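> coords please:
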Amino acid sequence: MGVIWKMKIMICLGLYPIIENPKGVLENSRNLKDEGNISFKVGDFDIALEKYSLSCVFLSYVDLQEEDARSSFSQLASIVVLNMAASLLKKKEFEHVGQLCSIVLNYNPNNVKALFRRANAAIGLGKHELASWDLRVALEVEPTNQEVVRKLKEVE
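From the prediction side, this is the model:
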């Protein structure tokens, strides 16, 4: 998605002035994430994806000068991307799930949620060996995670 296209969306939505304030952008991104979570909980995965995607658009405009803002940005970006992956898992769009989880894992190779969701996507694609690898890594990070233990037994 090009910068001009994103700017048009922001202007059309009346959101452009918020961009000048990184904390305002983060707050609006969190609000969109929360709205997406509500949609996810009621099973409306398309609306959840729209909310999470718009949250990502907001985040793409943040110019971070302060360390606190960078930390908040990183945490929120990972959560939103993983929520998108969860929504896509529900829609059985497994290849996209793997791509999104890989993005998160590039920044945090020990993110258990990303490993677990990517493993579930691999299972959906019939790639059990890849799923097993991700689950083993997740188990090294969180050896007591029973959900990971169960899924690894299921795959093997």
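> so, low pLDDT: which residues of the chain?
1-23, 61-69 (pLDDT under 70).
> how about the contacts made by the nearest residue to residue 40 once chain neighbours are set aside?
Distances taken as Cβ to Cβ, 6 or more residues apart in numbering put residue 48 closest to residue 40, at 4.1 Å, once the chain neighbours are dropped. Every residue, glycine included, has its C-beta placed from N, CA and C. Contact partners of residue 48, counting by Cβ atoms under 8 Å, 6 or more residues apart in numbering, are 36, 37, 39, 40, 83, 87.
> among the residues you listed, which are in strands?
Of these, none are assigned to strands by DSSP state E.
> from the residues you listed, which single one is nearest residue 71?
Using Cβ to Cβ, residue 83 comes nearest to residue 71 of the contacts of residue 48, at 18.8 Å.
> CA atoms only for stretch 75-90, dumped as CSV, please.
Taking C-alpha atoms only, stretch 75-90 is exported to CSV below (Å, rounded to 0.1, in the frame of the first residue of the first chain):
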residue,chain,number,x,y,z
GLN,A,75,4.4,-4.1,21.9
LEU,A,76,1.3,-2.9,20.2
ALA,A,77,2.5,-3.7,16.7
SER,A,78,3.3,-7.3,17.7
ILE,A,79,-0.1,-7.7,19.4
VAL,A,80,-2.0,-6.3,16.4
VAL,A,81,-0.1,-8.5,13.9
LEU,A,82,-0.7,-11.6,16.1
ASN,A,83,-4.4,-10.7,16.4
MET,A,84,-4.6,-10.5,12.6
ALA,A,85,-2.9,-13.9,12.5
ALA,A,86,-5.5,-15.3,14.9
SER,A,87,-8.3,-13.9,12.8
LEU,A,88,-6.8,-15.4,9.6
LEU,A,89,-6.4,-18.8,11.4
LYS,A,90,-10.2,-18.7,12.1
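> in this protein, which helix is the longest?
helix 67-90 (DSSP state H).
> good, we can wrap up now.
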